[in-house]
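> Build me a model from this:
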Amino acid sequence: MRPGAKAPVAGAALGSAPNWQRTLGALWLAQTLTIIGFSLRTPFLPFFVAELGARNLETQVLWAGAINAGGAAVMTITAPLWGALADRYGRKLMVLRAMVAGSLTIGLMALATSPWQLFVLRLVEGGFTGTVTASTTLAASTVPRERLGFGLGLMQMAVFSGSAVGPLIGGVLADQIGYRATFVLAGSLLLVSALLVAFLVEERFEPPPRRAGHGETGGETWRLLLAPALLGIVVSLFALRAASMALQPIVPLLVAQLARGSSAVNSLAGLAMGVSGMTSAVASVGLGRLSDRIGQRPLLIASGALAAATFLPLGLTTQVWQVIALQALFGIASGGMLPTANALVARLTPEGRRGTIYGFTTTASSLGAFVGPLVGTALAAALGLHAPFLAIGLALAATVAWVARTLSPLERAERRAVLQSGRD
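Next up is the predicted model:
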């Protein structure tokens, strides 16, 4: 029998294990609706800022950028705190907290009368939400160990598909019912998600025993984070998020340059940006399931290598279709990396510390989302639009090589365990 085949799901020690299939299905649906709700505002946010008083293009861009970046910056600080509270008070409670907070802040945006009010609400949203981390932690604590790749792949599919569908629906809704009504609808979607979790998600949670010295717990967390294997995975999540976010301000400009005055530049740029989300959504479940069979480490390394390999040719593209094809491949790579990395985090982390560790992985991803666009646009401004792809591709390749080295001892340990199990 391979290692972990009989590992209990979260809470099995308390009696019968929760119905993990129903819980996973409800979490998937709730997370999909939540990400759609968060993404509805994406296509019209700059225009809503203009309606609130930002009269010129420069001011609109600055406010839209500040509103988007502000939430990510606050989440970088608060994510580990919410993760630690999840370990102490339960993961389902944290999912509900994040979804209800998102419903309230997005709904209140419909009442905003100036850009600074939107900015403040986005800061509050960043501080009190974090549904992806909360749902991932709950799924990782409920799904059986041998199905982690599939379960976390399904959760990642919710993120990718919601991010792809939300902006499309949001643009249509803004035209049909207006900006403010769309904010109300977005908040309502998150409220529905919270109700799904409240009534359909089951968690058997036992608070960990309190320790005499709180510093011991903090020391344990840092020992886990700084262990080579886990540190390598955290760095890979940072690198992937930085790479994907670096694309967002550059790809539309590259498409416009390659399209040479085509009347369909906006459509082509939208396709180039959206195709990766579609391929990621499909790949995350299939590759997550595959990782349960062949192991997370080889699939993480292969997906990371594919991500690096797609960036390098982007620096040499001469046709728009090449950009679209390479973006589709990058989506497949992302769909393979994220669920396998999250599954490895769950395997390397004790049950009682997963919330905290996933909080720190969220911090790493948020930092990547902040750093990536800054580095990408700086390189593009200094060296041209193709330069960022070459630089980021090389950085990704170096990261993957390092991660492969840090995970090698883990693979050897698993092989020894398999051989020992065969002898027994």
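> any weak-confidence spans in the stretch 1-150 of the chain?
1-18, 57-58, 61, 65 (pLDDT under 70).
> ranges for the helices of it?
Using DSSP state H, counting those that start in this stretch, the helices of the stretch 1-150 of the chain run over 20-39, 45-51, 57-89, 91-109, 115-128, 131-142, 148-177.
> Could you export those helices as a markdown table, including mean neighbour count and distance to residue 398?
C-beta here means a position set from N, CA and C on the backbone, and glycine is covered the same way. Formatted as a markdown table, the helices of the stretch 1-150 of the chain follow (neighbours: other C-beta atoms under 10 Å; distance: least, C-beta to C-beta, whole Å):
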| stretch | mean neighbour count | distance to residue 398 |
| --- | --- | --- |
| helix 20-39 | 22 | 31 |
| helix 45-51 | 19 | 35 |
| helix 57-89 | 18 | 24 |
| helix 91-109 | 23 | 34 |
| helix 115-128 | 19 | 30 |
| helix 131-142 | 28 | 27 |
| helix 148-177 | 22 | 24 |
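> Now the ones you listed in TSV, please, with extra columns for distance to residue 345.
TSV is the format used below for these (distance: least, C-beta to C-beta, whole Å):
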stretch	distance to residue 345
helix 20-39	17
helix 45-51	32
helix 57-89	11
helix 91-109	14
helix 115-128	22
helix 131-142	8
helix 148-177	9
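> distance between the host helix or strand of residue 311 and the chain's centre?
Assigned by DSSP states H and E, residue 311 falls within helix 296-314. Relative to its parent chain, helix 296-314 has a centroid offset of 17 Å by C-alpha atoms, centre = their mean, to the nearest Å.
> Check stretch 354-369 too.
10 Å.
> try stretch 335-345
Distance, centroid of stretch 335-345 to centroid of chain: 10 Å (C-alpha atoms, centre = their mean).
> pLDDT on that stretch, on average?
Stretch 335-345 comes out with an average pLDDT of 90.
> which outside residues touch it?
Contacts to stretch 335-345, defined as C-beta atoms under 8 Å, 6 or more residues apart in numbering, come from residues 136, 140, 148-149, 152-153, 155-157, 160, 229-230, 233, 236-237, 240, 279-284, 286-288, 291, 296-297, 299-300, 302-304, 306-307, 354, 357-358, 361, 407.
> Can you select the buried ones among those for me in ChimeraX?
This is the ChimeraX syntax for the buried subset of these, where burial follows 16 or more other C-beta atoms under 10 Å:
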select :136,140,148,149,152,153,155,156,157,160,229,230,233,236,237,240,279,280,281,283,284,287,288,291,296,297,299,300,302,303,304,306,307,354,357,358,361,407
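> what about residue 382, neighbour count?
Neighbour count of residue 382, defined by other C-beta atoms under 10 Å: 9.
> what's it sitting at in phi/psi?
Torsion angles at residue 382 (phi, psi; degrees, to the nearest 10) stand at phi -90, psi -40.
> Thank you kindly, that will do.
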